[in-house]
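Chemist: what would the 3D arrangement of this be:
(chains A and B, ligands or ions: 1)
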Amino acid sequence: MSAVGKLEQAGHRVGETLEDVVDEAHAQAEHAETSTGLDHRKLVMWIFIASETIFFAALMATYLVYRGHTPHEEGLGHLSVPVASFNTFILLASSLTMVLSLQAIEAGKRGRMIVLLILTALFGLAFLGGQAFEYNELLKEGISIDTNLFGATFFTLTGFHGTHVAVGILWITMLIIRALRGGITEHNHLAVELGGLYWHFVDLVWVVLFTIIYLI
Amino acid sequence: MEHGHAVSNPKTDPGDFVAEEKRIEKAQPNYIAVFVILGVLTAIEVGITTLFPDKTVGTVPILLFLTVAKGLLVILFYMHLKFDNRIYSIFFGAGILALAVPFVISMIFLMSPPQLISARGGTEGGGGGGEARPTPNPNAGPPITVKIGATEFQFTPDALTANSGQVVRVELTNTGSVEHNFVVADKPASQDPQPWVTRDGKLIAKAQAGTTGKGGFTAPASGDYVFYCNVPGHAEAGMHGIFSVK
Ligand SMILES: [Cu+2]
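Modeler: Numbers count the residues shown, from 1 in each chain, chains lettered A, B, ... in the order given. Modelled structure (predicted):
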C-alpha cells in the first residue's frame, strides 16, 4: 500500500473517532438542554485557551525580565524585523482564511470551506518556513539557545509558539480529511469552529510576541 | 459576496440566550475589512519602529496600544467573542487577567532605566545573566562596522581600534577552506597575552569556509585586547590580533 493510502486510512480512522465523539456530543446537545444553555465543548475550548494564555504569559514575562541583560548587539540586534513582519502578515492572512472557511460551511459551501482550510494550512507552513529561515540566520551569526540569555529566552518563546503553529496545521489537516469524507456539514461544523478558535489564539499570541520581541 | 456590518451592534437584551444564539447565526462581520485593519495597524507599528529605532520610551506605549487593538480585533471578530455568549468571555477574561499581572510587572522592568540593569549586572559579576556593560561613554561615537578577513592562518587586518562603549559590528569573511571564528578576550592583553590557552573571551562571530558571519559587541574599557580564532590550533598558528580600545 502506498504511503498516501496509509495516510488516508489513518486519516479515516482519526476522522471516524472524532466524528463519533462529536456526533454523540451533538446528539446530547440537541436533545438534552445543558444547564447553562451553552455548548460544553466550546466552553472547554475557552478554558483551554485561557490556560494556554497563562502559559504564554509566563514565557513572555520571563523573556521581558531578562531582555535587558544581553547587550543589544549580542542579541536583539541580530533579529530581522522584515522577516518577522512578513511572518506576521502570513499569520494574519491565515486567520482570515480560517474564519472565512467557517463562514463558508455555515452557508453550506463545503468545497469553498475545504479550499480555505487548505490555504490556512499552507499559510501556517509558510510561517514555519519563515521561522526556519530566521533560526538559520541566527545560528549562522553564532546565536543559539545556549549562547546567552537572549538566545535562551528567544528560542524558548518562539519555539513554543512555532510548535503551536505545527499542532494547528495538523489539526487543520484532520479537519480537511474529515471534510473530504463528508463528516462536516452545514449543520454539524462545530469541529471547524473549535479548530478556528485554537488557530486564532495562536495568531493572537504571535501578535503580542511580534511587538514585545521585534518592536519594543 | 454579502457585506456584513463589522461595527453595528444589534440591540438585543444581553440576558436572552435564545436571542444570543440567533445573533451568532446572523452575525456576518466583514472579515476582510478586519484583516485590512490588522494589516494597516501592523504597518503602522513597523513604521514607528523604523522611524524611531532608538527605543525611546515614548513609542512603547503607542506600540502596546496598537498591539492591544490588534488583539481585540482578533478576539472579538475572528474568535467571535463579540457575538458569542458572554459566559465564554468570562472564562477567557479570567485568563486575560492572569496575563495582565505578569505583563505589568515585566513592563516595570522594561521601563526601568538601563543603569539599573547594568548596575545589577555589574554587581553579580559575570555568570549567565550579569554580562557587565562598560559605563556609557559620551565620546563613544556611532556604531562602526569592521570587516575582517580570515584564512589559514591569519586575520586581515590584525589590528583593530574602537572607542570604549562604542558598538562594534563585525563581518567576518572566511576566504579559507575550514571554519574560522572571531573571539575577543575579556581580559586585557597585559593580563592575558595568550587567551587561547586560558579559553578566555567571547565568541562574536563565526564563518564556515567561503561564507561571511556577522556579530557584534560593545567595546570594553580602554586597553588592548587580544582577538583570536578558537578553532584548536589556529591561534597558535597565527590567527590572532590586537583590538585597541581608546
Ligand atoms: Cu581559524
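
Chemist: alpha carbons only for contacts and neighbour counts from here, please
Modeler: Fine.

Chemist: list the contacts of stretch A:201-216.
Modeler: Stretch A:201-216 has contacts (Cα atoms under 8 Å, 6 or more residues apart in numbering or on different chains) with A:49, A:56, A:60, A:64, A:76, A:79-81, A:84-85, A:88, A:91-92, A:95, A:161, A:164-165, B:45-46, B:49, B:55, B:60, B:63-64, B:67, B:70-71, B:74-75.

Chemist: buried subset of those?
Modeler: When the contacts of stretch A:201-216 are checked for burial by 16 or more other Cα atoms under 10 Å in any protein chain shown, the buried set is A:49, A:56, A:60, A:64, A:76, A:79, A:81, A:84-85, A:88, A:91-92, A:95, A:161, A:164-165, B:45-46, B:49, B:60, B:63-64, B:67, B:70-71, B:74-75.

Chemist: anything in the helix or strand hosting A:T163 near chain B?
Modeler: Element membership of A:T163, judged by DSSP states H and E, is helix A:149-180. Yes. Contact of helix A:149-180 with chain B (Cα under 8 Å from any Cα of the partner chain) involves A:L149.

Chemist: list the buried residues for that helix?
Modeler: For helix A:149-180, by 16+ other Cα under 10 Å, it's A:149-158, A:161-162, A:164-166, A:168-169, A:171-179.

Chemist: likewise stretch B:226-234?
Modeler: For stretch B:226-234, burial by neighbour count (16+ other Cα under 10 Å) applies to B:V226, B:F227, B:Y228, B:C229, B:N230, B:H234.

Chemist: so what touches it?
Modeler: Contacts with stretch B:226-234, where a contact means Cα under 8 Å, 6+ apart, come from B:152-153, B:179-185, B:188-189, B:193-196, B:199, B:235, B:239-243.

Chemist: run the last query once more with 7 Å
Modeler: B:153, B:180-185, B:189, B:193, B:196, B:235, B:239-243 (Cα atoms under 7 Å, 6 or more residues apart in numbering or on different chains).

Chemist: quick one on the thing from earlier: in helices, which of the buried ones among the contacts of stretch A:201-216 fall?
Modeler: Mapping these onto helices (DSSP state H) picks out A:49, A:56, A:60, A:64, A:81, A:84-85, A:88, A:91-92, A:95, A:161, A:164-165, B:45-46, B:49, B:60, B:63-64, B:67, B:70-71.

Chemist: what does the domain assignment say about chain A?
Modeler: Each domain of chain A is listed here as a residue range: A:1-31, A:38-215, per automatic domain parsing.

Chemist: what's the answer for chain B, then?
Modeler: B:17-111, B:144-245.

Chemist: the last one close to the ion?
Modeler: Yes. Legend: contact between domain B:144-245 and the ion by Cα under 5 Å from the ion is shown at B:H180, B:C229, B:H234.

Chemist: and the strand or helix carrying B:V36, what's buried?
Modeler: Here B:V36 sits within helix B:31-51, counting by DSSP H and E. For helix B:31-51, burial by neighbour count (16+ other Cα under 10 Å) applies to B:Y31, B:I32, B:V34, B:F35, B:L38, B:G39, B:L41, B:T42, B:E45, B:V46, B:I48, B:T49.

Chemist: quick one: pLDDT of the closest residue to the first one other than its chain neighbours?
Modeler: When the adjacent residues along the chain are set aside, B:Y31 lies closest to A:L96, with 6.7 Å between them (Cα to Cα, 6 or more residues apart in numbering or on different chains). According to the model's per-residue confidence, A:L96 sits at a pLDDT of 96.

Chemist: neighbours of A:L96, how many?
Modeler: Around A:L96 there are 22 other residues, counting by other Cα atoms under 10 Å in any protein chain shown.

Chemist: residues in contact with it?
Modeler: Per Cα under 7 Å, 6+ apart, neighbours of A:L96: B:Y31, B:I32, B:F35.

Chemist: need the residues you listed in CSV (columns: pLDDT and distance to A:L138).
Modeler: Shown next, in CSV, are the contacts of A:L96 (pLDDT from 0 to 100; distance: Cα to Cα, whole Å):
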residue, pLDDT, distance to A:L138
B:Y31, 90, 36
B:I32, 91, 35
B:F35, 94, 30
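
Chemist: any idea which of the domains of chain B gets closest to A:H72?
Modeler: domain B:144-245 (8.3 Å; Cα to Cα).

Chemist: mean confidence for that closest one?
Modeler: 88.

Chemist: also stretch A:186-204?
Modeler: Taken as a whole, stretch A:186-204 has a mean pLDDT of 92.

Chemist: buried residues of that stretch, list them for me.
Modeler: For stretch A:186-204, the neighbour count (16+ other Cα under 10 Å) marks A:189-204 as buried.

Chemist: with stretch A:139-149 instead?
Modeler: Buried, per 16+ other Cα under 10 Å, within stretch A:139-149: A:L139, A:K140, A:E141, A:G142, A:I143, A:S144, A:T147, A:N148, A:L149.

Chemist: state the pLDDT value of the first one.
Modeler: To tie it back to what came earlier, the one meant is A:L139. So A:L139 comes in at 85 (pLDDT).
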